[in-house]
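Engineer: here is my input; please provide its structure:
(chains A and B)
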Amino acid sequence: MNKKISKVAVLGSGIMGSGIACHFANIGVEVLLLDISPNEINDIEKNKGLKITDKVVRNRIVNEMFNKCIKSRPSPIYDKSFINRISLGNFEDDMHLIKDYDWVIEVVVERLDIKKLIFEKVDKHRSNGTLVSSNTSGIPIKMMNEGRSDDFQKHFSITHFFNPPRYLNLFEVVPGPNCKDEVIDFLMNYGEKFLGKTSVLAKDTPAFIGNRIGTFGIQSLFHLVKDGSFSVEEVDKLTGTAIGRPKSATFRTADVVGLDTLCHVSNGIYENCPEDESREVFKLPDFLERMLKENMLGSKSKQGFYKKIVDKNGKSQILSLDLKTFEYKEQKKVNFDTLNQARKAKNRADKFKILISGNDRASDFYKEVFAKMFAYVQNRVPEISDNIASIDSALKAGFGWEEGPFEIWNYIGVKEGVDLMKSFNLKASKWIEEIISKDINSFYKSNNGFIEFYDKTSENFVKKPGQENFIVLKNLDKDQTIWKNDECKINNIGDGILNIEFNSKLNSINQNILQGLNKGIEIAEEKYHGIVIGNEGQHFSAGADLSMIFLMAIEQEYDELNFAMKLFQDTMMKLRYSTIPVVAAPHGYTLGGGCELCLHCDKILAYSETYIGLVEVGVGLIPGGGGTKEMALRASDQFKKNDVELNLLQEYFLNIGMGKTSTSGHEGFGLNYLMKNKDLIIMSKKNQISHAKKIALQMHDNGYTKPIQRNDIKVLGQQALGAFYVGADSMLVGGYISDHDKKIAKKIANVLAGGNLSQSTLVSEQYLLDLEREAFLSLCGERKTLERIQFMLKNGKPLRN
Amino acid sequence: MEEAYIIKGYRTAVGKAPRGFFRFKRPDELAAETIEYMISNIEGFDKKTIDDIIVGNAMPEAEQGLNVGRLISLMGLKIDDVPGVTVNRYCASGLETIALASAKIKSGMADCVIAGGVESMSFIPMGGYKPVPGYNTVSNGNEDYYWGMGLTAEEVAKEYKINREDQDIFAFNSHQKALSAIENKKFDSQIAPINVEEIYLDENSIKKTRNHTHTRDEGPRKDTSIEALSKLRPVFSNTGSVTAGNSSQMSDGAAFVMVASESYIKTHNIEPIARLINYSVAGLPPKIMGVGPIKAIPKVLDKTNLKISDIQLIELNEAFASQSLAVINELNLNNDIINVNGGAISLGHPLGCTGAKLTVQLINEMKNRKLRYGMVTMCVGTGQGAAGIYEIL
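Structural biologist: Okay, the predicted model is just below:
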């Protein structure tokens, strides 16, 4: 099906509807968002002299809901200007507009009668071939199809987003009984490629895949601890990052989601899954009933499993609920030997093996939790999905787990998992027994760079679909890594393109990384066509390695520090001025040195969720790896004849001076870290490396010539310095910045202005790099800068001094 | 020596900037039409007898640039014979021009001069398009020469211990007085009606034209209250007390008077209204420019042999509530005779126009009240103050 989506109508403007509308706007789609119109006029409208027939009154509900969504944090929208892509209206007046729309998504209240009324209208106004989907999380498609036209049913499915739609990556697609296969294929592909989601094909069973298993996981933990054998904070410690799940773990997540929502989903599953062998797990334990009754719903009612209080001294503190006494008490420090042991594990598989082989309470906990989870998921195939890979994908994308349940089981071993289940009187299902009888002790294996999973239907290993289109670095064969040190790898990703991959802590840039970058360029210039710098860490790079800088600065080894910074600058310049094209593929934090690296590449292909910025001010420094130089250069390139150049340069000054960071890839353009007509955004993270590779190859094929270093950068000298000094002084006097901030601002000003030259002058990159390095080193000799660096290293957040 | 008399004076209504009703009106046109209106109100007036037009303006660039004074003369008089000049003493510009006109006439350099000022803050931003502080000056620690006015208002509040509450009450009173003045038609006879022609695209991108005429100040707010004012956040300093509510408004407006010699009014048989007895400016540290009147007022009184108690009505420009209160407290001024019809916090502050506008307001109110001596005074950027004393004839 060669369908193009340029216009989407979203029906229902609640949290989900507005969020979905924003996400389509994020990817450039024209969106129509509709909701009901009010029955009567309110007092404010009356006072303004409005009538019930006025458009603002008719659209009041959608206006209010949408505004609330736009103001929520983290923001549902990549860039404020994208809001203009969404127009608002109401069902009564505007439903006819959907005849020109490519896709209509229903997100109204979860009541069949209301949904049916809406679909009746949709059926009346839609053009043949228009996709229609529902975001329901529980109403069977068959019922929604009743009374609808043939063409409607052929194009009708469930597309289930997770809240918040911009940030949660699971996109469940559930085909209706009469839905055309090509519609489902289209939606699965669209979800991945355009919406940047993980598309998972689900069946029309209650709560589909993500919520069914996810809710089971939470509920079984609730039952496990209902006798108070583990404290709230203990459970969160055990079920958070320790096992590759979000830090908010179990109870904190429940507080954020809201206990009422969670219980609503649980009750739904309990009612609609009478055949589920673990149905009783979905029944709410007593403490949960009590919490609902006492309005302890979590964040929304300001108390749940945790409660934030402010003590007498004005210090805030987070207390946890004692499930036995039902009182909030101070959290106790959690320490388990098993966790300490697991921390030493060499790899993920070892880690999980250690977790279930200890002798303490923690290990007993894990044994029971995993045994119950394995038992549950084995029985869900084929009920909720025919393949285990979909189940794992759903949990990873929808709940932020690093591994899905079958992947954890795979680490432990299929047979060992069954033994674990047996120790809790849980039975392995038939197909698991069969695997074991065939002497297969894994669910997954890697073959030729591709992941294969055990398919229950064909009773054989099959390739996980969709992999042909993307490059997964961790699945590369060993011989594809052509060079490596402890923290950096150079991978051959085919067709003459190399990948440079960082593996340092937070992918910070240190000597090893710089060595890898230089080596990569050297090898590529000799034998390859281009380089892609990208990795699969949580973040692209949080910046230069501060600990190294701190040590040299505190020892006053300024010559070494100068040498190190020169190496950094030279490496950045080499990225720009090499004989091969270099493409950066940033995602997540791309800060400080990480940002500087990107600024020097020939092209940036940024993931939509990239948070890029020159944040050095926070640690008392200025961008010293060519970042400040690059901002002066970019400003200069924007100067037009008769422009007031100073005002433009001021934007760049403020970017660095205030450490401005984008909240999305798109915002990076507004801050001039990304450049229109040069850099690109990609929605699908999975496709990022492979697309970056294609770009590098294309640049090579177009005929890539090493650029010539610039010596025509217009700097403004004293004109800019005077203005920036006054700006910094005013900020200080106004109490917005500290003395030290002012000092740093003046250093930034000096580089951007090219020093105190009497008039505008054309300078070279090296001239600016030398100014930049000099300023960097002088700040390294400042006590307050060292305090800032030390604070950051210790606490992971900036100090204001 | 000749005497110099004010024989006519008008001001426009003051529009809010940058989104008020004069946002479509170029400042040169606004000034030219004000002058045109003034002349049309002097029976049998011969435009060729005007020696010069002196226009005060605080940001003389872009639409206010290129010696806008000369352009205003051409546009307003529609003859080539009368020259024009632009004068800048920031917020005292409109008063400075009247002083210059009076001085020229007294010294025999001229017989009839139009003086006043115009400012469109909708068109030209505060500080202009390209403020470029001197590197050497600021490197020597003189950054305050270039501070924004808000910071100086904070500095005054700190130094003269003016608290937030008093500033908000002062601001609230300004609005109340202005509303009452408008209600009682105090300004009607002094305002030159200005027509605005607006060419725009409607919601369907169809080009439309609409005309509207303005005779009423846009600034005063009925809906304000001390409570609402107290909720505003400080805008110039993180820790300060100066808010958008207790500062003067950004505005668009024009005001002009005609000044003529004794022999001129005799020849043409014109009745004088008032005269500027004297005018002084004074300098002080730029950081506390707001208290400029503290130095300028005694200086001008000294020259005229008048005591502050002789002054019966005062227009003290409300650049900020903090500086107004500091001046009032420090000179022990009589609150009952200051800004009786509201001030810049409610009525607006079109920088270069303000001195002339306050002159027009003062003269009209004094005539109504049948008073003799009155004063226009204001603080001026970069550490200055100005004060002029008028006598009603």
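Engineer: what's the neighbour count on A:G703?
Structural biologist: Neighbour count of A:G703, defined by other Cβ atoms under 10 Å in any protein chain shown: 6. Where C-beta positions appear, they are placed from N, C-alpha and C, glycine not excepted.
Engineer: A strand includes it, no?
Structural biologist: No: under DSSP: H, G, I helix; E, B strand; the rest coil, A:G703 sits outside any strand and is assigned coil.
Engineer: next one, pLDDT for it please.
Structural biologist: We have a pLDDT of 96 for A:G703.
Engineer: for residue 191, give me the pLDDT.
Structural biologist: No chain in the question, so chain A it is. Reported pLDDT for A:G191: 96.
Engineer: not what I meant, chain B
Structural biologist: Reported pLDDT at B:I191 in the predicted model: 98.
Engineer: and it, what are its phi and psi?
Structural biologist: The phi and psi torsions at B:I191 (degrees, to the nearest 10) take the values phi -100, psi 130.
Engineer: likewise for B:I7?
Structural biologist: Note on B:I7: backbone dihedrals following degrees, to the nearest 10 are phi -110, psi -10.
Engineer: who touches it in this structure?
Structural biologist: Contact analysis of B:I7 by Cβ atoms under 8 Å, 6 or more residues apart in numbering or on different chains lists B:I42, B:M258, B:V259, B:A260, B:I265, B:I270, B:E271, B:P272, B:I273.
Engineer: taking those residues one by one, which sit in strands?
Structural biologist: B:M258, B:V259, B:A260 (DSSP state E).
Engineer: same list, those, but as CSV with pLDDT, distance to A:G240 and neighbour count please.
Structural biologist: CSV is the format used below for the ones in strands among the contacts of B:I7 (pLDDT from 0 to 100; distance: Cβ to Cβ, whole Å; neighbours: other Cβ atoms under 10 Å in any protein chain shown):
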residue, pLDDT, distance to A:G240, neighbour count
B:M258, 98, 81, 25
B:V259, 98, 81, 35
B:A260, 98, 86, 29
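Engineer: get me the contact residues on the stretch 551-700 of chain A for chain B.
Structural biologist: A:V644, A:L646, A:N647 (Cβ under 8 Å from any Cβ of the partner chain).
Engineer: does B:I53 lie in a helix or a strand, and which?
Structural biologist: strand B:52-56 (DSSP states H and E).
Engineer: dump that strand to PDB, keeping only the CA atoms.
Structural biologist: The C-alpha trace of strand B:52-56 is given here as PDB (Å, rounded to 0.1, in the frame of the first residue of the first chain):
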ATOM      1  CA  ASP B  52      12.200  76.800  12.800                       C
ATOM      2  CA  ILE B  53      10.700  73.600  14.100                       C
ATOM      3  CA  ILE B  54      12.600  71.900  16.900                       C
ATOM      4  CA  VAL B  55      11.700  68.300  17.500                       C
ATOM      5  CA  GLY B  56      12.700  66.300  20.600                       C
END
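Engineer: now the angle from the helix or strand following it to strand B:52-56?
Structural biologist: Past strand B:52-56, further along toward the C-terminus, the next helix or strand under DSSP H and E is helix B:68-77. Inter-element angle recorded for helix B:68-77 and strand B:52-56: 120 degrees (by axes from the mean of the first three to the mean of the last three Cα atoms, to 10 degrees).
Engineer: got the contact list for helix B:68-77?
Structural biologist: Contact with helix B:68-77 is made by B:27-29, B:31-36, B:39, B:47, B:50, B:53-55, B:57, B:60, B:80, B:82-87, B:118, as judged by Cβ under 8 Å, 6+ apart.
Engineer: taking these one by one, which sit in strands?
Structural biologist: Among those, the residues falling in strands (DSSP E) are B:I53, B:I54, B:V55, B:G84, B:V85, B:T86, B:V87, B:V118.
Engineer: that older thread, going through the contacts of helix B:68-77, which ones are buried?
Structural biologist: Among those, the ones that count as buried by 16 or more other Cβ atoms under 10 Å in any protein chain shown are B:27-29, B:31-36, B:39, B:47, B:50, B:53-55, B:57, B:60, B:82, B:84, B:86-87, B:118.
Engineer: quick one: the helices in the stretch 51-200 of chain B?
Structural biologist: B:68-77, B:93-106, B:135-139, B:149-159, B:164-183 (DSSP state H, counting those that start in this stretch).
Engineer: so after the helix or strand encompassing B:A282, what's the next helix or strand?
Structural biologist: Using DSSP H and E, B:A282 sits within strand B:274-283. Downstream of strand B:274-283, the first helix or strand assigned by DSSP H and E is helix B:292-304.
Engineer: contacts for whatever helix or strand comes next after that next one?
Structural biologist: Where DSSP H and E defines the elements, the next helix or strand beyond helix B:292-304 is strand B:313-316. By Cβ under 8 Å, 6+ apart, the list of residues contacting strand B:313-316 from outside reads B:293, B:324, B:327-328, B:333, B:337-340, B:343, B:358-359, B:361-362, B:365-366, B:369, B:371, B:374-378.
Engineer: chain center to strand B:313-316, what's the gap?
Structural biologist: 12 Å (Cα atoms, centre = their mean, to the nearest Å).
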